[in-house]
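Participant: Give me the fold of what follows.
(chains A, B, C, D and E)
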Amino acid sequence: MLDKVIFFFFAGVAILSAGLMVTRRNAIHSAVFLITTLLATAGIFLQLRAEFIFIAQIILYVGGIMVLFVFVIMLVRLDVALHQIQFSRQKWVALLVTLALALEVGVMLWSSRKVPGQGFLLPNAVPAGKLPPNTEALAGRLFDAYLLPFEIASVLLLVAMVGAVVMAKKRT
Amino acid sequence: MSPTLQAVLAFVQTWWVELVSGVVIVAVVPLVAGYIVLMERKLMADMQARLGPMRVGPHGLLQPIADAVKLLIKEDIIPDNADKVVFWIAPVVSMTAALTSMGAIAFGPAFQVARDINVGLLFVIGVSSLGIFGIVLGGWASNSHYSIMGALRSTAQLVSYETAAGLALVSGLLLAGTLKIRAIVDAQQHFGVWFVFLAPVAFFIYVVASIAETNRAPFDLPEAESELVAGYMTEYSGFRWALYFLGEYANMIVVGAVATTLFLGGWLRPFPNVRWMNWLDALPALFTAAVGAYCVYRAGKQPVRVQTWFMWGVALACFVVALILAVPLLVAPLKFLVPGLHGAFWFLLKISAYIYLFMWLRFTLPRYRFDQLMHLGWYILIPLAIVNVLAVGVAMILEMEYGWNRWLAMLLTTVITLATALFLLRLNDKRAAAASSAAPPPEEPSTEDSYAG
Amino acid sequence: MQDDAAQNQTLLGADELVLNMGPQHPSTHGVLRVKLKLDGERVRGTECVIGYLHRGVEKIAENRSYQQFAPYVDRMDYVAAVSNGLGYCEAVEKLLNVEAPPRAKVIRTIMTELQRIASHLIWLGTHALDIGALTPLFYCLREREEILKIFEKYCGARLTTHAFRIGGLQYEAYDSFEKDVERFCKDFERRIQEYVDLLTGNSIWIGRTRNVGVLSAEECIALGASGPVLRASGVKWDLRKAQPYAAYDQYKFEIPVGTNGDTYDRYMVRMEEMRQSRLICLQAIENIPAGPIMGKVGKVLKPPAGEIYHSIEAPKGILGYYIVSDGTTQPYRVRIRPPSFINLQALDKMARGHLVADVVAIIGTLDIVLGEVDR
Amino acid sequence: MMPIGYYLFLSMALFLIGAIGVITRRNVIVVLMSIELILNAVNINLVAFSRIFGDVAGQVFALFIIADAAAEAVVGLGIIIAFFRNRETVLEDEMDLLKW
Amino acid sequence: MADEPKAPQSPESPKPDSAGAKSAPPTAPASAEAAPFPAAKPAAPARPAPPPPKPPVVMQIPLDNDLTKRYREQFGAAILDAIEDRKQPYLVIAATQLAEIARYSRDVEKFDLLEDYTAVDWPRREKRFDLIAILYSFPHNMRLRLKIPLAADETAASLVEIWPTANWLEREIFDMFGISFNGHPDMKRILLPEEWQGHPLRKDYDILQQDTAWVRENLGIASGQ
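Facilitator: Sure, this is the predicted structure:
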């Protein structure tokens, strides 16, 4: 029951603010709604007992990436952009395509309901109390089986950082 | 009984301790913040050869309440061109973040809202860092240059110093080996020593970075009065402004609590494992009683009858607290209360000392300039913190794998880190000298972007 | 807060951002308004908008008699009212071709030097506050209070004292005048050490002030900057030595000079000036000559037709009075050369290329009083 | 634990909203934000499956995706800043030059 | 209203003095007070010519020392007069040669500081304004005043090129007297608002007068007068 309330609350907030994010004229408002979506998703992660991902989502996504976004939006004050057309010309085509995609995935999900044995819509999980401590388990896996990807990810971040600095630096 | 009601009841039955604790935090923290402000003003006055607030209540003891009332009934101004909704929501974000992050802090072994959260310390840091959105959005929504510049500055500042603070915390966490708040304190009890003695450099970095994170002098650039009027708060007034203010002071409590938990032994009294030091357990009660006695002494000297009464009241409260602290020590059946009560006392005492340090620095030091601040963060603190993490890691390997003496290993790492610090400072001085010898040419655009850091 | 021209401009990009500082800004020391042209946070140019405090002092002078105008000059540099009065009285005395008696001159000197200390204290406190140090301000006010008490005992007023009269003094020094001054001076030695402890060696303070707002000696002279600003650039020049007035030729004191002409040097020069002023006061109270305090000046002043220019070393620089008489009881024209006004001109030169925060430090280091800038 | 289908529907909804944003918005910053939303939708899937199978590998991948999102945002915003400096616009259909 | 110190030597003072309301007779000033000449103050610079002992009333005496000789040599007729008033020398120069004389003063005579620059209004004179430039020489510790008579419709050359400090001073003169300067980089009002009407330090601008329209419009109050 409690699980359900939490899930539907967060899911509702996430979808609602995601929709608002895409439609708001002002980029700052978009960012605020994206932050809300991300926080709601973090709530979903917590509900899934993925505590580390929850806090990583908050620290990295919300506290890091979104701050960067807001920062850039403030730097390029978009007063002019406010009065321009917000959507590109292909918007109707785009909507059509996404609707088609939605239909496809929806039908797929709906039909998978009937796949015997798999029970996509049924809970089939370890009870919450019996999960190993999340951070420890995650760390064990990350630094054991996935050590190489981890290192590669760090290199990727380094490259991205250097690239961003080079690009954003003023040319003189 | 409907099933919904039943579910609600069940919920309350399971979680009532947490609910009550949460309500206590939300209710008490603003009051505490108000009194921290009063303490700050009193301390500042004392250091500046003044008296400070004296009018409301004896020695201004009721000043925070008067301030709160004033702020509540003040006209609420929203600038014409402000983005109303964002303007309205920003201070709330700031305050909420600070209060939420307190949920995971353990004020003593007994009082903690989110008890068994797996990522305890990270939760505190992560959620409190969300307060930055309050600042940024508030500055942006005010539609004023001063506000937006203050907001930009604080964004850059917070992001930079959070990195340093995080790295400093990693050193402590390496020693503790866990993120759970209670386990961290337990680890210090197990080690028999506060982590500040094992990783002094990390503690120092955390102190500096946390001052910057809470926007306190000498890093109070986002609200640098003399340059940006009040930074992101320039257009705020009345209760919204008060929310920002409360958020800031709540943040001070949070960083104080984090430092206390990780470096200063949490709720442990000094020398927690030394038997013959057990007389220290009597200290909390004696200390509170002494404060009460001083109040009694002052009560006779109050100019107004009401103030005398009030002073007596404060003294009485102190005595009651002293009694509460003392009784469990003396009465055997109540012994189980000792850790909780005394733990809370020590914890709060340590936080107060930490905040006192903040205030002391604020009254003493001039303010950094923005580029100097960024240089300090990026050229000194962050490299130093990285080196420190490495050094602490090496020391732990030396201890665990090669059986070195712990103190020897830690001493070695500290020396290495300090040497790095000296090197970095030298480097920085050289760079500054080079920069100043080529004094900024007036017309040429500088290559340096203050925000590029 | 925004300037109209600043609309549609961005914090990023090639466009200059125009930030309007003042007239209601905590660190413009009154009602100075500075338009800053910024590139990021770097200043590309400044433009001062002044006159918010303009009261037409020079016009008033033409419609008052010589004595009536004397109190008005106190309202110009209101933190150094005594110095203003000294300059005016001496100028009119020169115009009348009379001289104040020696006793009056010595008392004038003591008062003026005390006022110099008081003015520098206000400067130090507010300057430190601008740079973010809260505490020096209160220490400075504490000492200034002692000086103001001496003024109050002497002439009944604390701020706009109108302490001197044309031709000498109206009030005899009160009984314990020497003792009060001596006690203050003795005390002040120790007090000044407190400021030094707080600021001089503080690395943040040095970082904020050194190499900020550098003016070379040539630039100073070209821009007309005078007083401590000029001396900090290395010009060992002080009107008290160059063309002594009042009783300054009787006392020994040093002219402190700087080397770089930056904000730190100006700080050091002013600190040393306070010490020197203290020494002058100590020397002066040793031996205050006896005698009358008022020269031979009639009740109605009718200076012979002609003109005079007289300037003194006010705490902020050269304070000059150019007075034209047409032989009547009212001056035909009084021109006041305000040091703050002319020093403020150097702001643009000093601020270019620095950051916004430095502008605040530079305005502070120029030690302007808007009452004098705008008159 | 809720049935996995709920999470999949939530994930799909967020993904599609993000996709709409990417395709229709002209403002590049909003486009970037929509991409973040898409990545986030993927994370929900990964974490949900990780939970249902009791294997933290999914969460490891979610972590990698967050790192990737950070890298992508940093580079994207760097480009936007550089572009804005030169062209004073952030609209994608005005980014029509190969060289400036 | 007396237009000029009663100095018969001054060429710019019109001989038949129009008697204004406050016109002082040439011999009127309180001779009793001014009669005893006290010892010379040390502040007085450059006193090559001995002060005249007798007439206390007329304090302006012609000056003919080395300095003025050099100036006369250099500029001839442009130096209209050289006078010492209360031991302070001043040169009366023609506005046409102002820039040259100023440059010569700075570069050759080392008057490196323009201490002050102002004006005086003599409404009844043919050349209505006197520009007063007060120069100071650091090497010689000496002051010199330049007096530049200027008619109401005349403009003067700007000295900003020579002494940058003249920038605001000239703006103030423009603001208060309405004299404009050629070649000034930014000739606009400085102390008064830009839309203000009139120039307050002119003698025909009464002290009670002010730009009531401006006050009403910008301050939203009825004029205080």
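Participant: Low-confidence ranges, chain B, go.
Facilitator: Confidence mapping of chain B against pLDDT under 70 gives the ranges B:1, B:222-229, B:432-453.
Participant: show me where it has strands.
Facilitator: Using DSSP state E, no strands are found in chain B.
Participant: So, low pLDDT: which residues of chain E?
Facilitator: E:1-59, E:210-211, E:222-225.
Participant: Find the residue at the geometric middle of it.
Facilitator: Centroid-nearest residue in chain E, with CA atoms, centre = their mean: E:Ile132, separated by 2.7 Å.
Participant: Beta-bridge partners for that one, please?
Facilitator: As for beta bridges, E:Ile132 partners with E:Thr118, E:Lys147 under DSSP bridges.
Participant: Go ahead and confirm it touches C:Tyr322.
Facilitator: Yes: between E:Ile132 and C:Tyr322 there is a contact at 6.5 Å, judged by CB atoms under 8 Å. All C-beta atoms are positioned from the backbone trio N, CA, C, and that covers glycine.
Participant: what sits in contact with each of the two?
Facilitator: Common contact partners of E:Ile132 and C:Tyr322 (CB atoms under 8 Å, 6 or more residues apart in numbering or on different chains): C:335, E:116, E:118.
Participant: Reformat those residues as JSON lines; add neighbour count.
Facilitator: Listed next are those as JSON lines, based on neighbours: other CB atoms under 10 Å in any protein chain shown:
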{"residue": "C:Arg335", "neighbour count": "25"}
{"residue": "E:Asp116", "neighbour count": "26"}
{"residue": "E:Thr118", "neighbour count": "23"}
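Participant: Is there a neighbour count for residue 76? I'd like the number.
Facilitator: I'll assume chain A. Counted with other CB atoms under 10 Å in any protein chain shown, the neighbours of A:Val76 add up to 24.
Participant: Actually, chain E is the one I wanted.
Facilitator: Counted with other CB under 10 Å, the neighbours of E:Gly76 add up to 9.
Participant: can you give me the strands for chain D?
Facilitator: Using DSSP E, strands in chain D do not occur.
Participant: for it, which spans come out with low pLDDT?
Facilitator: D:1, D:87-100.
Participant: Equivalent analysis for chain C, please.
Facilitator: Along chain C, the parts satisfying pLDDT under 70 run over C:1-16, C:26-28, C:40-41.
Participant: Identify, by residue count, the longest helix of it.
Facilitator: In chain C, with assignment by DSSP state H, the single longest helix is helix C:102-130.
Participant: What residue spans form the domains of the chain?
Facilitator: Answering for chain A, as no chain was given. A:1-86, A:88-131, A:133-172 (automatic domain parsing).
Participant: please go with chain E instead
Facilitator: Per automatic domain parsing, the domain ranges recorded for chain E read E:60-191, E:192-225.
Participant: highest average neighbour count across these?
Facilitator: The highest average neighbour count among the domains of chain E, using mean count of other CB atoms under 10 Å in any protein chain shown, belongs to domain E:60-191 at a mean of 19.
Participant: Report the distance from that one to the chain centre.
Facilitator: 7 Å (CA atoms, centre = their mean, to the nearest Å).
Participant: now swap in stretch C:240-250 and tell me
Facilitator: For stretch C:240-250, the distance to the chain centre is 18 Å (CA atoms, centre = their mean).
Participant: which outside residues touch it?
Facilitator: C:86, C:90, C:102, C:105-106, C:108-109, C:112, C:239, C:253, C:255, C:280, C:283-284, C:310, C:312-313, E:41-43, E:45, E:141.
Participant: Next step: these restricted to helices.
Facilitator: Reading helices off the contacts of stretch C:240-250 with DSSP H, I get C:86, C:90, C:102, C:105-106, C:108-109, C:112, C:239, C:280, C:283-284.
Participant: most neighbours, which of the residues you listed?
Facilitator: Within the ones in helices among the contacts of stretch C:240-250, neighbour counts (other CB under 10 Å) peak at C:Thr112, which reaches 30 neighbours.
Participant: Does that residue touch C:Ser83 like I think?
Facilitator: Yes: counting by CB under 8 Å, C:Ser83 is a contact partner of C:Thr112 at 5.4 Å.
Participant: closest to chain A among the shared contacts of E:Ile132 and C:Tyr322?
Facilitator: The closest of the shared contacts of E:Ile132 and C:Tyr322 to chain A turns out to be E:Asp116 (CB to the nearest CB; 43.2 Å).
Participant: Unless I misread the structure, the closest one falls within a strand.
Facilitator: Yes: assignment of E:Asp116 by DSSP: H, G, I helix; E, B strand; the rest coil places it within a strand.
Participant: what's near enough to touch it?
Facilitator: C:309, C:320, C:322, C:335, C:337, E:132-134, E:169.
Participant: quick check, nearest of these to A:Met108?
Facilitator: Nearest to A:Met108, judged by CB to CB, of the contacts of E:Asp116 is E:Leu169 at 83.8 Å.
Participant: any idea how far the closest one is from chain C?
Facilitator: Applying CB to the nearest CB, to the nearest Å, the value for E:Leu169 to chain C is 8 Å.
Participant: sec struct for that residue, please.
Facilitator: Look at E:Leu169: counting by three-state DSSP, its state is helix.
Participant: who's in contact with the closest residue to it other than its chain neighbours?
Facilitator: Counting by CB to CB, 6 or more residues apart in numbering or on different chains, E:Leu169 lies nearest to E:Tyr117, which is 4.0 Å off, once chain neighbours are set aside. Neighbouring residues of E:Tyr117 by CB under 8 Å, 6+ apart: E:131-134, E:159, E:165-166, E:169-170, E:173.
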